[in-house]
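Asks: only geometry, no sequence info:
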């Protein structure tokens, strides 16, 4: 039997150590027979709340989030999902079957999320109570032989054991150590039935420091749990909406006036904020020379808005990563483009369309944009146009290309159709595509128009004029009540990690025994749970030297006071031992 270990176990450490991993083997019955349902449930709960399973679930959650970052998602990029289906006709249905185009709403992702949440709750909540209990627990009693500890030192002082103990207690408490002394135990609280008889004469002090390490560890787990709760809040009570707004147009934050609306699980259209926004002007500037020619340098959307019906009109500027905050929602600028303006007359000479139509830029760059125009009110037949808008047009081998994203030489290239657009068939149609199955092509080749030019349609079907262009901005409206809590919890998790890495849990023990020829023999010992980064050896040596100096100063002061006598024995040198 060794006397080095502390008689009392650390309740927090012992209980926490038992949860570092699942117990090997299956469940065991308390009665010694075959395990029943309750035994299996207890065993499954222990596995789920173990550190090993929590790490596995955390890794699976991160791995499951990868497809949501790589593949287009229905919640934020439905057009990208449609394009992926068109480009990968065989692979896309397989990915869709397992929910990879809506990862964060897939049942398997929710299962991983809920299991991780339950694992953290089962791990963190009991540890919180254990930490609260251990915070009130005094350090363990000092071992009898401190020379067996990893760090130890000894010296002699002329002070009496009681005086030396008071001086040592003052030094240790001054360094923030929590102390335990024989008087704290009270009568009859020895660690064993014969401990009081075997206890050597003299005084002892137990000192402990570094509980912030355990608090940091617990703070990290609580913060991680808070991040999961914050994400759940956003998924339940948040929403996201998209609106493409042409310069000069306005919209209200209502479901009927939004292009796309993605509500949370517990959100309805009535929960939308009653604000309105008008896009007054959109400006985009680009680098005109050098290696980065054509790259954007600034985007600026100037808007006016009202936070509530009948409220005052305010103005604001929305820039990339500088959203507008209104009525608890944030309005982000996520894209822009051009909307060519057309004037269309039908066969009878009536103006059946006069306004802008947004075109969407493709992958060719420099905002070479494609779009369609549907004229349902034309007579005697409906008209349709597919076209390309070229901001800065250059003829390269008979093909129009855009050499700069700014509208320095804007033109449109159109193909005209006449017939039935199929708008009344009942099947929904995209505003960016046209169904020409019930139509005939009027122009054999694309017709190029500059601003102010007109195209007279064959067979007397009418005329289309390219009157100009406007710019449009794509806005995203988000309301996420879990965003701020997630940020706070993330910062708390980082702070918890820093505490757990920077703080060492260490203990220092001091025993003071009467010397054979008067005075006191002082023995100091210390140990730390983890000292991977080093530093405890220097801290212990400095503390032992400070204890010796304090005893020497108290001895000198006692000798200088009249009427006091001290043993003639001088303080001996420090004798240190260590691993």
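Replies: Nice, thanks for sending it over. Worth saying up front: this structure is predicted, and the values here are computed from it rather than measured.

Asks: list the contacts of stretch 279-295.
Replies: 245-250, 296-304, 315, 336, 365-366, 404-406, 471-473 (C-beta atoms under 8 Å, 6 or more residues apart in numbering). For glycine as for every other residue, the C-beta is placed from the backbone atoms N, C-alpha and C.

Asks: which of these fall in strands?
Replies: Under the assignment DSSP state E, those contribute 245-246, 250, 296-304, 315, 336, 471-473 to strands.

Asks: which stretches in the stretch 251-400 of the chain count as strands?
Replies: 260-263, 276-286, 296-306, 314-318, 324-326, 329-345, 351-356, 360-361, 369-375, 382-390, 393-396, 399-402 (DSSP state E, counting those that start in this stretch).

Asks: now list the buried members of the ones in strands among the contacts of stretch 279-295.
Replies: Buried by 16 or more other C-beta atoms under 10 Å: 245-246, 299-303, 336, 471-473, out of the ones in strands among the contacts of stretch 279-295.

Asks: can you lay out these as CSV showing pLDDT?
Replies: Shown next, in CSV, are those (pLDDT from 0 to 100):
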residue, pLDDT
245, 94
246, 95
299, 89
300, 91
301, 94
302, 95
303, 96
336, 91
471, 94
472, 94
473, 93
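
Asks: now residue 546: how far from residue 137?
Replies: 26 Å (C-beta to C-beta, to the nearest Å).

Asks: I'd say residue 258 and residue 251 touch.
Replies: Yes - under the criterion of C-beta atoms under 8 Å, residue 258 makes contact with residue 251 at 7.3 Å.

Asks: what touches both of the two?
Replies: With C-beta under 8 Å, 6+ apart as the test, residue 258 and residue 251 both reach residue 243.

Asks: avg pLDDT for stretch 365-376?
Replies: In this model, stretch 365-376 has a mean pLDDT of 90.

Asks: and the contacts of that stretch?
Replies: Contacts for stretch 365-376 (C-beta under 8 Å, 6+ apart): 294, 337-338, 340, 342, 344, 346, 352-353, 357-362, 382-392, 401-405, 421, 423, 431-434, 464.

Asks: which of the residues you listed are buried? Put it as a ChimeraX command.
Replies: Buried residues within the contacts of stretch 365-376, by 16+ other C-beta under 10 Å, are selected in ChimeraX with:
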select :294,337,338,340,342,344,346,352,353,357,358,359,360,361,382,383,384,385,386,387,388,389,390,391,392,402,403,404,405,421,434,464
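
Asks: which residues touch the nearest residue in space to residue 335 that is not next to it in sequence?
Replies: Excluding its sequence neighbours, the residue lying closest to residue 335 (C-beta to C-beta, 6 or more residues apart in numbering) is residue 474, at 3.7 Å. Counting by C-beta under 8 Å, 6+ apart, residue 474 makes contact with 242-245, 333-337.

Asks: which neighbouring elements make contact with the host helix or strand of residue 128?
Replies: Assessed by DSSP states H and E, residue 128 sits inside helix 107-135. Other helices and strands packing on helix 107-135, by 3 or more C-beta pairs under 8 Å, 6 or more residues apart in numbering; DSSP states H and E, are helix 11-17, helix 37-48, helix 51-70, helix 212-237.

Asks: any chance of JSON lines for those, columns mean pLDDT and distance to residue 205?
Replies: Output for the helices and strands packed on helix 107-135, formatted as JSON lines (pLDDT from 0 to 100; distance: least, C-beta to C-beta, whole Å):
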{"stretch": "helix 11-17", "mean pLDDT": "41", "distance to residue 205": "21"}
{"stretch": "helix 37-48", "mean pLDDT": "85", "distance to residue 205": "39"}
{"stretch": "helix 51-70", "mean pLDDT": "87", "distance to residue 205": "35"}
{"stretch": "helix 212-237", "mean pLDDT": "86", "distance to residue 205": "21"}
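
Asks: return the most buried member of those.
Replies: helix 212-237 (a mean of 19; mean count of other C-beta atoms under 10 Å).

Asks: which strand or helix spans residue 526?
Replies: Per DSSP H and E: strand 520-528 holds residue 526.

Asks: name the helices or strands packed onto that strand?
Replies: Against strand 520-528 (3+ C-beta pairs under 8 Å, 6+ apart) you get strand 151-157, helix 161-174, strand 506-514, helix 536-560.
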